[in-house]
Every structure is written in structure tokens, then in C-alpha cells.
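>>> Sequence and predicted structure are below.
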Amino acid sequence: MKTSIAVCGTGIAGLACALALARRGQPTLLLGPRQIPRAADPETYHPRVYAISLASQRLLASLGAWDLMPAARLARVEAMEIRGDAGGRLNLSAWQSAQQELAWIVESGEIERALIQACQVMGITWVSEKFSSLEHGALVTDRGTRIEADLFVAADGAQSSLRAAAGLKADVRPYGVTGLVAHFNCALPHQGVALQWFRSDGVLALLPMPDTGAGPQVSMVWSIKQATADELLALSPEALATELAARLADATQGRLGALTLRSPMHGFPLTLSQTPMIGSRIALVGDAAHRLHPLAGQGLNLGLGDVQALAEIVGSREPFLSAGDPLVLRRYRRARAEPVLMMRLVTDGLQRLFDVQAPPVAWLRNMGLDLVERLPFVKRQLVDGASR
């Protein structure tokens, strides 16, 4: 089996990458299991949600996926409230940059469902097999299918099998922190505001979700020390609901009133990961290329930025260059170097800054939040950055 480009991985990054390349007129094959998400329950939301930036929203719209997602399952983020661990405050609003929203909160299952439908409409060739090995420059699946291509795209996640088979190393640094995610009913309306607290025990975020029959709800993302997270994950559902309600009441000071657990809680270890981004006829995108601390909620947006850059660079290359030519791949790596580095510096730097508990450092970082709060121009720059 021969093609110009083979995309390995059928999560959000892989589906979006195959679509973006195909829409640029590139013969593209998609490799990986075809797992169609279950039909959406109006009263139940997927446990994993993403804060989709306006740039990512525009990309999904250009791929024909955004309009396939039910509007009732999307939530606008119209403002952000950020609280430090010693009284620091920062408020950002979309109106500060003449926008309707800063971002959208979208379920991962709905994004995947829409991208799958868009792939079907585009008629993208989908080989529902798993990657097994690279042999003599060709990809071999678990069923023995041999795929030859000018360019292989590794979009198969943080533990990328294609990346490993190509000998591309990932520099991984564990944070010793677990990300806990769950949904909650809240007694008070969130009004489209995303809330974030930098605390001594971790970074807590409450993201606005669409209302259900039980009223307003939010999605919690709490980056917390691994030992504490393990204790919480070991509790029975009843004990967990009680313990989380008490912890969140203390952490949020009743900002949204009583918070009632309405979903199972999941945990995932947090790591910082860097890679070379490219190899011999191989490009990495999404989590296969990099992982960040989720405190800024930019992991998926960064991955979709990879997708857009790769599709533009491959689609606009000179006619005499193949999709996997080293010159083309170096252009891709250069295009992504600054955005990836800047986001890594911001997220890792903030994590390190708020991990230090010495009183002088705590005073300085909270004073910094208060200072930015009083500088409209700086706030406008932050709003512009958050919505890209």
C-alpha cells in the first residue's frame, strides 16, 4: 500500500492532521483503531474537556468539524478569574480585547465524533489496524499490512510507538503531580467565567460547562501532589464526594456555592516532555511531540497548532520536493520552535514559581498578579495571547 502521507494515530491530533493535509490536496492515509464515541447523553458529559482557543476553533471550523458539534454542548469562556495563594487577584475578560469569548469548553468525545464524521465526508482512507514496526522505510501494521509513504506523521500520543520505532527520544520530566478531573453541579451560576486558584497544594481550575437539568455545572482540573491524589482516588465514591466538597469549599471560599460531585473522578500523571519534532521522513504532532503542565490549558491548542503548521508547510512546498523531504521537515520544526518553547517556558515557569513556598517569593508572585490587574494594556495583551 502506497501513499504520499500516512498519519499514525486516530485521536484528535491524528484525525485533525489527516483532515488538514487532505484539504490541502495531499493524498493521506489514516492508521489506527476506529473507535466512534458513544452517542451523547444530554445530561452526561465526557470526563475530559478542553479549553479550545479561538485559533483552534477556526482550524476545526476550516476542517468542517466545528459545525458538526451540537451548540448545546459547547460553553463559552467569557472571562477568567485568577487567584494567587496570598491574596493576589487577576481578572481577564473577552471585552478587554473586543471579543465575545476567550475560549470554548468542548468535550473530547464531541471533538472526536465531529472529526470522524468530517474524515468520512472527505473520503480519507482509514486503515483500522495498529502500528507494529518500521521496516526498511515502510510502516508495518499488526496484521502485516505494509504501508509505504513519503512522510509518516506520529500523532499517536505521549507514548508514541512510531516515535520510539524511529529512534526519536523524548526528554521526559515527571512533575510528581497528578491531574484530577471531574464534573460538579454548582449552587451558583458560573456566568461563563473560568476560575483558577494557585495554591500551596496545587493549581485548581473550574471550567464553565453547559447547564443540565440539575442546574449549572463546572469541570474541575486539579493538579495536586501525587500522594494526595492517590489518597483521594482510593476513596469510595461516597467518601470521595464528601471529601471533595469540603476541600473545594475551602479552596474556592464558596465562589460558586456548594459543589456537588456528579461524575467519576479520573487522574493522570503530569509530565514535561520534549522531542526533536522531526526525524527521517517523520514529523511529530500533538502529545507525541511535546507535553506541558495543564495549568494554562494549552496542550491541545499547541497540538492543533502543530497540525496547522505541518499542513500549510507540506501543502505549499515546491513541486520538486516530497512531503518528507528534510528541507520541508526542517521548515516545520522551525515554524513550531518558538510557540512550543514559549508555552513550555510559561507553564513550567509558573509551576516552579508557585511551587516555592518561601514567604518572600509568595509575596512577590501575588504582588505581580495585583500589578497586572491594574495595567489595562498588559491585561489586553494577556487576553489576546489567551485567545490565540
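Perfect, thanks for sending it.

>>> CA atoms for contacts and neighbours, from now on please.
Will do.

>>> okay but residue 309 is in contact with residue 332, surely?
Yes - Residue 309 lies in contact with residue 332 (Cα atoms under 8 Å); the separation is 6.6 Å.

>>> the helices in the stretch 251-388 of the chain, which residues?
299-315, 326-355, 359-373, 376-386 (DSSP state H, counting those that start in this stretch).

>>> go on, the stretch 101-250 of the chain?
Ranges of helices within the stretch 101-250 of the chain are 108-122, 161-165, 226-233, 237-252, based on DSSP H, counting those that start in this stretch.

>>> which residues touch the third one?
Outside of helix 226-233, the residues that reach it under the criterion Cα atoms under 8 Å, 6 or more residues apart in numbering are 176, 177, 178, 180, 240, 265, 266, 267, 269.

>>> which of those residues sit farthest apart?
176 and 240 (21.6 Å; Cα to Cα).

>>> correct me, but residue 160 touches residue 290?
No - between residue 160 and residue 290 there is no contact under Cα under 8 Å: 10.9 Å.

>>> Between these two, which has more neighbouring residues?
Neighbour count, other Cα atoms under 10 Å: between residue 160 and residue 290, residue 290 has more, with 25 against 20.

>>> In this structure that one contacts residue 274, no?
Yes - in this structure, residue 290 is within contact of residue 274 by Cα under 8 Å, at 5.0 Å.

>>> Including mean pLDDT, could the helices of the stretch 101-250 of the chain go into TSV?
Formatted as TSV, the helices of the stretch 101-250 of the chain follow (pLDDT from 0 to 100):
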stretch	mean pLDDT
helix 108-122	95
helix 161-165	97
helix 226-233	95
helix 237-252	96
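
>>> Next, format those as CSV and append distance to residue 339 and mean neighbour count.
Putting those into CSV (distance: least, Cα to Cα, whole Å; neighbours: other Cα atoms under 10 Å) gives the following:
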stretch, distance to residue 339, mean neighbour count
helix 108-122, 23, 20
helix 161-165, 21, 20
helix 226-233, 29, 15
helix 237-252, 32, 15
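
>>> for those, which one sits closest to residue 196?
When the helices of the stretch 101-250 of the chain are compared by Cα to Cα, helix 237-252 sits nearest residue 196, at 9.1 Å.

>>> Between helix 226-233 and that closest one, find me the angle.
Computed by axes from the mean of the first three to the mean of the last three Cα atoms, to 10 degrees, the angle separating helix 237-252 from helix 226-233 equals 130 degrees.

>>> Paired strands for the helix or strand where residue 76 lies, with orientation please.
In the assignment (DSSP states H and E), residue 76 maps to strand 75-77. Using DSSP bridges, strand 75-77 pairs in its sheet with strand 103-107 (antiparallel).
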